[in-house]
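Colleague: With the sequence up front, the predicted model follows.
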Amino acid sequence: MSGGQGQAGRSFGERLRDGALFCAHFLTDPFGLSTPLSSSPRIAATIARELVAHNAHRVVELGAGVGALTEGILEALGPEDTPLCVELKPAFCRRLEERFDGRAHVVAGDATQLPVLVAGTPWERPHAVVCSVPLITSTARDICRTIRDVLPSDGLYLQLAVRRGPVSEFFRVEKTYFFPLNLPPERLHRAYPLEQTQ
Ligand SMILES: C[S@@+](CC[C@H](N)C(=O)[O-])C[C@H]1O[C@@H](n2cnc3c(N)ncnc32)[C@H](O)[C@@H]1O
């Protein structure tokens, strides 16, 4: 890892509170979260390795939740690099701000508006986008398209998903990791933008 900013070292109480917060939102919005549990540290570590291998410094995270993957992103970045974390739910945004305390730039927003959210910011042409917004709703294709639109042609796209979904319509999927012990079992796609035809 290059910077090793991660490992916020949450207490047992904080982990419990984060779990309860996440699960409570799952009960009111099961499609928006797709799982009652945050992603495992194993997935976060895989993301960290991918970002380091890609030498990614400008990183955008979509659907940051309460920060399970943000930990991995911070682990990969140097101390001078701050990821942009986009999250729809204000309660999660508040928790992210508290948990990462300036080490991540948190924006309450919708992933489908990504080009607007990054316009004029240091993340306008990111090296990498890490997305765990579930690609199971009607906006799935819009999300993939907007990510393709903001990434440069060699930009890295890491998508957590239960299936391949619309990713391969907009990206060349180079590798897929499978995490059978995650609940639910998840895939992590490593992909690069296809040329724009749609
Ligand atoms: C499967 S959870 C992943 C949370 C966290 N990244 C993790 O891996 O544990 C999906 C997250 O995406 C957020 N989300 C859903 N739709 C979104 C959208 N359109 N824009 C931004 N965030 C969204 C949800 O609120 C939730 O926090």
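Modeller: Looks like it arrived, so ask away.
Colleague: Can you tell me the number of residues neighbouring Asp81?
Modeller: Neighbouring residues of Asp81 were enumerated by other Cβ atoms under 10 Å; the total is 20. Heads up, the C-betas are built off the backbone N, CA and C, glycines and all.
Colleague: for Pro185, same thing?
Modeller: For Pro185, using other Cβ under 10 Å, the count is 10.
Colleague: Would you mind confirming that it is in contact with Tyr177?
Modeller: No: Pro185 lies out of contact with Tyr177 (Cβ atoms under 8 Å); the separation is 11.2 Å.
Colleague: What distance do you get for Val86 to Ala20?
Modeller: 23 Å (Cβ to Cβ, to the nearest Å).
Colleague: And Val167, by the same measure?
Modeller: When Val167 is compared with Ala20 (using Cβ to Cβ), they lie 31 Å apart.
Colleague: more crowded one of these two?
Modeller: Val167 (25 against 10).
Colleague: Can you list the residue ranges for strands in this structure?
Modeller: For the chain, applying DSSP state E gives strands covering 59-62, 84-87, 105-108, 128-131, 156-161, 171-179, 186-193.
Colleague: which one of these lies closest to Ala140?
Modeller: Closest of the strands of the chain to Ala140 is strand 156-161, at 9.2 Å (criterion: Cβ to Cβ).
Colleague: Next, format the strands of the chain as JSON lines and append distance to the ligand.
Modeller: Below are the strands of the chain laid out as JSON lines (distance: least, Cβ to the nearest ligand atom, whole Å):
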{"stretch": "strand 59-62", "distance to the ligand": "6"}
{"stretch": "strand 84-87", "distance to the ligand": "5"}
{"stretch": "strand 105-108", "distance to the ligand": "9"}
{"stretch": "strand 128-131", "distance to the ligand": "8"}
{"stretch": "strand 156-161", "distance to the ligand": "6"}
{"stretch": "strand 171-179", "distance to the ligand": "11"}
{"stretch": "strand 186-193", "distance to the ligand": "9"}
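Colleague: Export those strands to CSV and append columns for distance to Leu77 and mean pLDDT.
Modeller: As requested, these are exported to CSV (distance: least, Cβ to Cβ, whole Å; pLDDT from 0 to 100):
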stretch, distance to Leu77, mean pLDDT
strand 59-62, 7, 98
strand 84-87, 12, 98
strand 105-108, 12, 98
strand 128-131, 10, 98
strand 156-161, 13, 97
strand 171-179, 20, 96
strand 186-193, 18, 97
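Colleague: Stretch 63-77 spans what distance, first to last residue?
Modeller: One end of stretch 63-77 sits 19 Å from the other (Cα to Cα, to the nearest Å).
Colleague: and it with the ligand, contact?
Modeller: Yes: against the ligand, stretch 63-77 shows contacts by Cβ under 6 Å from any ligand atom at 63-65, 68-69.
Colleague: List the buried residues of the worst-scoring helix or strand of the chain on mean pLDDT.
Modeller: Across the helices and strands of the chain, mean confidence by mean pLDDT, DSSP states H and E is lowest for helix 30-33: a mean of 92. Residues of helix 30-33 classed as buried: Leu33 (neighbour count, 16 or more other Cβ atoms under 10 Å).
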